[in-house]
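# Turn this into a model:
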Amino acid sequence: MSTAFPFSAIVGQDEMKLALLIAAVDPKVGGVLAFGDRGSGKSTAVRALAALLPKMKVIAGCRYNCDPALPGEFCDECRARAAKGSLKSAQVPVPVVDLPLGATEDRVVGSLDLERALARGEKAFEPGLLARAHRGFLYIDEANLLEDHLVDLLLDVAASGENVVEREGLSIRHPARFVLVGTGNPEEGELRPQLLDRFGMSVEVKTPGDLPSRIEVVRRRDDFERDSAAFTATWAKEEAKLRKKIIAARERLPSVSVSNTTLERAAKLCMALGTDGLRGELTLMRAARALAALEAATAVGDEQLRRVAPSALRHRLRRNPLDDAGSSVRVDRAIVEILG
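Here you go, the predicted model:
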């Protein structure tokens with residue numbers, strides 16, 4: 001039984017929970033950045049989501065979690081095994097890989113397997129964190145403190161969906177598509193704009209301000225730490241219900257339609273806010289479609305756009321010297337102006 005805190009037992013933090021569920025339904029949304037107060041449940045929510053997700057099908061023994069249903073995306077090892085007809089599949093938990101702030105480049109991208117090199121004189125590749133995170137989540141706590149050389153690495157891999165390693169006589173290329181999830185405290189510094197733009201959604205996480213919520217958070221956390229097995233069992237039915245909802249939403253997603261009118265309203269919203277590039281519109285459309293799938297809707301409407309616009313757009317705004325309002329306030333004003 002999982003020892004992660006149950007996702008459905010998290011009190012409040014609705015925007016963060018919704019963004020994580022949207023990313024679970026459609027990884028193409030581009031990941032989630034949760035910025036806010038210390039001790040407000042950011043890391044808890046990420047680990048809880050991982051425990052909640054249904055297992056995924058992989059090729060048994062593959063070091064990169066290759067999907068047996070997508071032969072065009074096999075790694076070299078799986079391609080060679082497929083040619084021999086020796087592939088078997090297995091069910092494994094969705095990986096959630098921690099990227100430590102002090103990680104070396106070799107640990108992240110992979111390196112020469114020294115043990116095999118010294119023992120047998122063979123040049124072999126030892127996969128890194130990016131290989132382990134393929135088809136799962138790459139989690140960066142305190143993402144705003146990540147070193148620049150690791151940020152550059154992540155930007156390259158996030159853009160291509162592939163990790164390329166050329167070093168020590170090795171030339172390795174393997175798939176590395178993952179949902180990037182970052183957390184941080186804005187008081188400790190800002191994120192580099194290039195990395196910030198790679199997160200599909202950005203949510204603000206605040207300490208609960210009302211007395212009943214604070215009491216309930218403390219009570220549930222204390223119950224969990226005193227007897228995690230009993231607490232998890234209490235919430236097992238809610239977790240199963242939410243898991244079924246995610247599976248159904250994934251199946252429904254391809255059939256959810258987005259009309260030209262809805263796309264036009266999304267574009268008008270981004271233009272009114274002056275967002276750079278077209279990533280804002282793409283993320284807004286994908287997030288709204290995933291939300292519609294979660295809610296069993298057949299088409300995306302203004303209601304879905306209205307609910308996901310703050311998290312999809314607030315981190316894409318330029319600073320306006322003539323408007324000292326926060327980014328969330330500016331997005332809210334544009335929503336009222338464009339969507340009513």
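
# C-alpha only now, for contacts and for neighbours.
Will do.

# what are the ranges of the helices in the stretch 101-250 of the chain?
Taking DSSP state H, counting those that start in this stretch as the test, the helices found in the stretch 101-250 of the chain are 105-109, 114-120, 129-133, 148-160, 193-196, 211-226, 228-234, 236-252.

# tell me which element residue 34 falls in.
Per DSSP states H and E, residue 34 falls inside strand 32-36.

# For that strand, which strands pair with it and how are they oriented?
Using DSSP bridges, the strands paired with strand 32-36 are strand 179-184 (parallel), strand 201-205 (parallel).

# Mind putting the helices of the stretch 101-250 of the chain into TSV with distance to residue 307 and mean neighbour count?
Below are those laid out as TSV (distance: least, Cα to Cα, whole Å; neighbours: other Cα atoms under 10 Å):
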stretch	distance to residue 307	mean neighbour count
helix 105-109	35	17
helix 114-120	51	12
helix 129-133	29	23
helix 148-160	26	14
helix 193-196	21	14
helix 211-226	22	13
helix 228-234	30	16
helix 236-252	17	17
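
# Quickly, which of these bottoms out on average pLDDT?
When these are compared on mean pLDDT, helix 114-120 scores lowest, with a mean of 61.

# Is it correct that residue 334 is in contact with residue 273?
Yes - using Cα atoms under 8 Å, residue 334 is in contact with residue 273, at 6.9 Å.

# I figured residue 289 was touching residue 253, is that so?
Yes - using Cα under 8 Å, residue 289 makes contact with residue 253 at a distance of 7.1 Å.

# Enumerate every residue touching residue 44.
Each residue near residue 44 by Cα atoms under 8 Å, 6 or more residues apart in numbering is listed here: 4, 5.

# can you pull the pLDDT of it?
As predicted, residue 44 sits at a pLDDT of 82.

# Likewise for residue 28?
pLDDT for residue 28: 88.

# cool, residue 310 as well?
Listed pLDDT for residue 310 reads 91.

# tilt between the host helix or strand of it and strand 201-205?
Using DSSP H and E, the element containing residue 310 is helix 302-313. For helix 302-313 against strand 201-205, the angle by axes from the mean of the first three to the mean of the last three Cα atoms, to 10 degrees is 80 degrees.

# Work out the gap between helix 302-313 and the centre of the chain.
Centroid displacement of helix 302-313 relative to its chain, using Cα atoms, centre = their mean, to the nearest Å, is 17 Å.

# Only C-alpha atoms, please: export it in CSV.
Listed next in CSV are the C-alpha coordinates belonging to helix 302-313 (Å, rounded to 0.1, in the frame of the first residue of the first chain):
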residue,chain,number,x,y,z
ASP,A,302,-16.2,29.6,-22.3
GLU,A,303,-16.5,28.0,-18.8
GLN,A,304,-13.5,25.8,-19.4
LEU,A,305,-11.4,28.7,-20.8
ARG,A,306,-12.4,30.9,-17.9
ARG,A,307,-11.2,28.3,-15.3
VAL,A,308,-7.9,27.5,-16.9
ALA,A,309,-6.9,30.9,-18.2
PRO,A,310,-5.3,32.2,-15.0
SER,A,311,-2.9,29.2,-14.6
ALA,A,312,-2.2,28.9,-18.3
LEU,A,313,-1.4,32.6,-18.9
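
# Tell me which other helices or strands that helix touches.
Packing partners of helix 302-313 (3 or more Cα pairs under 8 Å, 6 or more residues apart in numbering; DSSP states H and E): strand 201-205, helix 260-273, helix 279-294, helix 327-339.

# re earlier: touching the strand holding residue 34 from outside, list them.
With contact meaning Cα under 8 Å, 6+ apart, strand 32-36 is reached by 16, 19-20, 23, 42, 179-186, 199-206.

# Return the set of buried residues in the helix holding residue 310.
Neighbour-count burial for helix 302-313, counted by 16 or more other Cα atoms under 10 Å, picks out 302, 304, 305, 306, 307, 308, 309, 310, 311, 312, 313.

# The second one and residue 216: what is the separation?
This means residue 304. Residue 304 sits 29 Å away from residue 216 when distances are taken as Cα to Cα, to the nearest Å.
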